[in-house]
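Visitor: Let's see this in three dimensions:
(2 chains)
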Amino acid sequence: MIDNIPPGLIMILGALVLPFLAHRAQAIGVLVLSLISMVVFWFTPETTLGQFELLGMTLEAIRIDRLSRLFGIVFHIAAIVSAIYALHVRDTRQHVAGIVYAGAAIGACCAGDLLTLFVYWELTALASVFLVWASDNERAYKAGMRYLIIQVTSGVLLLSGAIMRFVETGSLAFGSFVVEGEPLSASAFLILFAFGIKCAFPLLHNWLQDSYPQATVTGTVFLSAFTTKLAVYSLIRGFAGYEPLIWIGCAMTLFPIVFAVIENDLRRVLAYSLNNQLGFMVVGIGIGTELAINGTVAHAFCHIIYKSLLFMSMGAVLFRVGTIKATELGGLHKSMPWTTFFCIIGAGAISGFPLLSGFISKSMIISAAAETHQFWVWFILLIASAGVMEHSGIKIPFFAFFAHDSGKRVKEAPANMLVAMAIAAFFCVALGVAYPVLYRMLPHPEIDYHPYTVTHVVTQLQLLMFAALAFVFLMKSGLYPAEQRATNLDTDWVYRRALPRFVSALKTVGGAVDQAIRNDGRTILKGCISSANQTFNDRGVLGRTWTTSTMTFWATILLAICLVLYYL
Amino acid sequence: MTEPKPTTEPSWFEKPRNIHWMIGGLVVACLALVLADLFYENPHPHFPKWENVIGFQAWFGFIAFVVIVFLGRLLRVIVRRPEDYYDR
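Guide: You can find the predicted model right below:
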């Protein structure tokens, strides 16, 4: 019985009951539903379920294997932690949106066919946008609108790809689209594009930095966990070993770190950092060896937890201080010591300090690049690792909690937020220490990998400590760029500024042309009317009064012509 | 939870003496990490030309960090706009 419940459905259906509960009970309801769903999912065996025929297509609604199971588990952990973090919120919209969103993401990672995937894919988009809109301001509304349009576009591309795939192959099964030695088919390319939007590929990335920092304090924590990692899961399933992904991933690890250096909004810094972390995963998917795939899955798992932790700590700062701009923060370690402590653990985990979760997962991807002898990939990933240390390892905790004292004295974060952060921090340490537990659950458990070799630990510490030394050097010499209040342009400039300007310019030009045509037409018409007037008025050639003799003369001529014609 | 009293008293992390200690500690740790390279051997380096250089990841990390920050300064010149740029 228990293994017949589709994953995520408890949360999605449970959400329908939430609005009828008292405000206080809603938050607890979200937590209880997530916990029940987690227990049920944990005991659901690896299986495929729900096969049925629809309009001649064989659909397989549920497939739980090692890969989807691990993503399902970490999505549940993220949902539970986010629910605890949001316990103080009294807003029906956010609770319903949050749990439907989490449920849809869990359903999506257990979808066996493309059509089911599409349904959940769009449900995540629709549910999550309310977390942005719940901020209740004009900026958030507009950012949410852009987010929704982009997310739904991704879904539409996925559906188009799925339909084309069905026409090509007669099947909607969601498996690998990569055929060795052959280019991607058109349908596979469309699907890759759909995944790429959600995974924030370079140039398609900016919805992330645009919308996440606009969401509510608790909403961003939900957002950071699901959408992009669902895309990572889908890429692993569909495009593992597709080589161009290596270079896309490399680009993704590099450019966001430069943007993160100068960004003032610390939640936006985290959004750029999220992009950079996704880059590591995309590289892993592109390499596609068993070690690389293991590394990618492990990294996604660890990442969801430490990134939630970082977003939670910055959320707590925003909640208490009312701003998250680096220029207005600083010195908060005095009044928010626990938040500071948890944030530093998250920062250490994302940077990949030994004994914390990032170390045991990221090093696997870097080793996979080295083992396939891809020098430049390895080289770029090392640069990116130093970059992570810059934006998440140092910048986030330093500017929020230390730096110069902003003089702001606030309360420590609410107890429920601290508990959520403590759980996430616990996982960061536990995964870093008890890593074999995670390794055993990875898609290729037979791969033997040991992160804690002397070489790994020493070289990684060298990289991180010398990056920290570089920070001290730059701060002391005054070369580190001061935080400034500013908007930094990114690709969203294209559709927020360039396109509207272009359209309005087009309107102006079009209007001018239209006006010119109308004016000319009017002039011509006026000319016709006035010449008609002149011809037909009582002095015009055709309109003036003739004398009787002239009339008689012309009538006689006319009659004569008629007579001649008649006799011809 | 009681409201912390507003205080201008520097905390442990803000006292210049402690900051000096922390930086000193970092420098010592960095030196120790480079020296550590002399006491172990990488069992199978994948890119021996680079990996076998003493303290490779140390100076690599330092340079990469500095370059990233300078690229950031450069990028700021190009992309920086007033804060209310999109609201106007």
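Visitor: Tell me where chain B has strands.
Guide: With strands called from DSSP state E, chain B shows them at B:80-81.
Visitor: Can I get the worst-scoring helix or strand of it on mean pLDDT in PDB, CA atoms only?
Guide: The least trusted helix or strand in chain B, going by mean pLDDT, DSSP states H and E, turns out to be helix B:48-51, with a mean of 84. C-alpha atoms of helix B:48-51 as PDB (Å, rounded to 0.1, in the frame of the first residue of the first chain):
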ATOM      1  CA  PRO B  48      53.200  16.300 -12.900                       C
ATOM      2  CA  LYS B  49      54.500  19.400 -14.500                       C
ATOM      3  CA  TRP B  50      52.300  21.500 -12.300                       C
ATOM      4  CA  GLU B  51      51.400  19.400  -9.400                       C
END
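Visitor: which helices and strands sit right next to it?
Guide: Counting contacts by 3 or more Cβ pairs under 8 Å, 6 or more residues apart in numbering or on different chains; DSSP states H and E, helix B:48-51 is packed against no other helix or strand. Any C-beta I mention is one placed from the backbone N, CA and C, and that applies to glycine too.
Visitor: and that helix, which residues are buried?
Guide: Neighbour-count burial for helix B:48-51 flags B:Glu51 (criterion: 16 or more other Cβ atoms under 10 Å in any protein chain shown).
Visitor: Show me what that helix is in contact with.
Guide: Outside of helix B:48-51, the residues within contact range by Cβ atoms under 8 Å, 6 or more residues apart in numbering or on different chains are A:Thr459, B:Asn42, B:Pro45, B:Phe56.
Visitor: tell me the secondary structure for the closest residue to the second one other than its chain neighbours?
Guide: If the residues on either side of it in the chain are set aside, B:Asn42 comes closest to A:Thr455, at 4.6 Å by Cβ to Cβ, 6 or more residues apart in numbering or on different chains. On the three-state scheme (DSSP: H, G, I helix; E, B strand; the rest coil), A:Thr455 is labelled helix.
Visitor: A:Thr455: neighbouring residues, count only.
Guide: Here the number of neighbours of A:Thr455 (other Cβ atoms under 10 Å in any protein chain shown) works out to 16.
Visitor: Please apply the same query to B:Asn18.
Guide: As a burial measure, B:Asn18 scores 13 neighbours (other Cβ under 10 Å).
Visitor: who's in contact with it?
Guide: By Cβ under 8 Å, 6+ apart, the neighbours of B:Asn18 are B:Trp12.
Visitor: Check A:Asp113 too.
Guide: Counting by Cβ under 8 Å, 6+ apart, A:Asp113 makes contact with A:Thr58, A:Leu59, A:Glu60, A:Ala61, A:Leu172, A:Ala173, A:Phe174.
Visitor: again, 6 Å this time
Guide: A:Leu59, A:Glu60, A:Leu172, A:Ala173, A:Phe174 (Cβ atoms under 6 Å, 6 or more residues apart in numbering or on different chains).
Visitor: So for the longest helix along chain B, mean pLDDT?
Guide: If you go by DSSP state H, chain B has its longest helix at helix B:56-79. Across helix B:56-79, pLDDT averages out at 92.
Visitor: chain center to it, what's the gap?
Guide: 11 Å (Cα atoms, centre = their mean, to the nearest Å).
Visitor: cool, stretch B:72-88 as well?
Guide: 25 Å.
Visitor: Sort out which residues of it are buried, please.
Guide: So for stretch B:72-88, counting by 16+ other Cβ under 10 Å, buried means B:Gly72, B:Leu75, B:Arg76, B:Tyr86.
Visitor: Now that we have these, can you turn them into CSV and tack on distance to chain A?
Guide: Converted to CSV, these look like this (distance: Cβ to the nearest Cβ, whole Å):
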residue, distance to chain A
B:Gly72, 3
B:Leu75, 5
B:Arg76, 5
B:Tyr86, 6
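Visitor: Tell me who's in contact with the residue positioned nearest the centre of chain B.
Guide: Central residue of chain B (Cα atoms, centre = their mean): B:Phe65, 7.0 Å from the mean position. Counting by Cβ under 6 Å, 6+ apart, B:Phe65 makes contact with A:Ala386, A:Glu390, A:Ala467, A:Ala470.
Visitor: Can you add distance to A:Val513 and pLDDT and give those back as JSON lines?
Guide: Formatted as JSON lines, the contacts of B:Phe65 follow (distance: Cβ to Cβ, whole Å; pLDDT from 0 to 100):
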{"residue": "A:Ala386", "distance to A:Val513": "55", "pLDDT": "94"}
{"residue": "A:Glu390", "distance to A:Val513": "52", "pLDDT": "91"}
{"residue": "A:Ala467", "distance to A:Val513": "58", "pLDDT": "95"}
{"residue": "A:Ala470", "distance to A:Val513": "58", "pLDDT": "95"}
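Visitor: from those residues, which is closest to A:Pro256?
Guide: Nearest to A:Pro256, judged by Cβ to Cβ, of the contacts of B:Phe65 is A:Glu390 at 11.1 Å.
Visitor: Near chain A, which residues of chain B are found?
Guide: By Cβ under 6 Å from any Cβ of the partner chain, the residues of chain B that approach chain A are B:1, B:4, B:6, B:11, B:23, B:26, B:29-30, B:33, B:36, B:40, B:42, B:46-47, B:57-58, B:61-62, B:64-66, B:68-69, B:71-73, B:75-76, B:79-81, B:83, B:85-86.
Visitor: Just read off the phi/psi values of A:Ala215.
Guide: A:Ala215 adopts backbone torsions of phi -70, psi 170, taken as degrees, to the nearest 10.
Visitor: what's the burial count for the residue lying closest to A:Trp133 once chain neighbours are set aside?
Guide: In space, and not counting its chain neighbours, A:Trp133 is closest to A:Gly144: 4.6 Å by Cβ to Cβ, 6+ apart. As a burial measure, A:Gly144 scores 22 neighbours (other Cβ under 10 Å).
Visitor: Correct me if wrong: A:Gly144 contacts A:Val132.
Guide: Yes: using Cβ atoms under 6 Å, A:Gly144 makes contact with A:Val132 at a distance of 3.7 Å.
Visitor: How far does stretch A:283-295 stretch from one end to the other?
Guide: End-to-end distance for stretch A:283-295, by Cα to Cα, to the nearest Å: 10 Å.
Visitor: Can it be said to contact chain B?
Guide: No: for stretch A:283-295, no contact with chain B is found by Cβ under 6 Å from any Cβ; the gap never falls below 12.7 Å.
Visitor: So what touches that stretch?
Guide: Counting by Cβ under 6 Å, 6+ apart, A:235-236, A:240-241, A:243, A:245-246, A:249, A:296, A:364-365, A:368, A:372, A:442-444, A:447 sit against stretch A:283-295.
Visitor: Show me which of these are buried.
Guide: A:235-236, A:240-241, A:245-246, A:249, A:296, A:364-365, A:368, A:372, A:442-443, A:447.
Visitor: need the contact list for the residue of chain A found nearest chain B.
Guide: Using Cβ to the nearest Cβ, the single residue of chain A nearest to chain B is A:Val261, 3.0 Å away. Applying Cβ under 6 Å, 6+ apart, one finds that A:Val261 lies in contact with B:Val69, B:Gly72.
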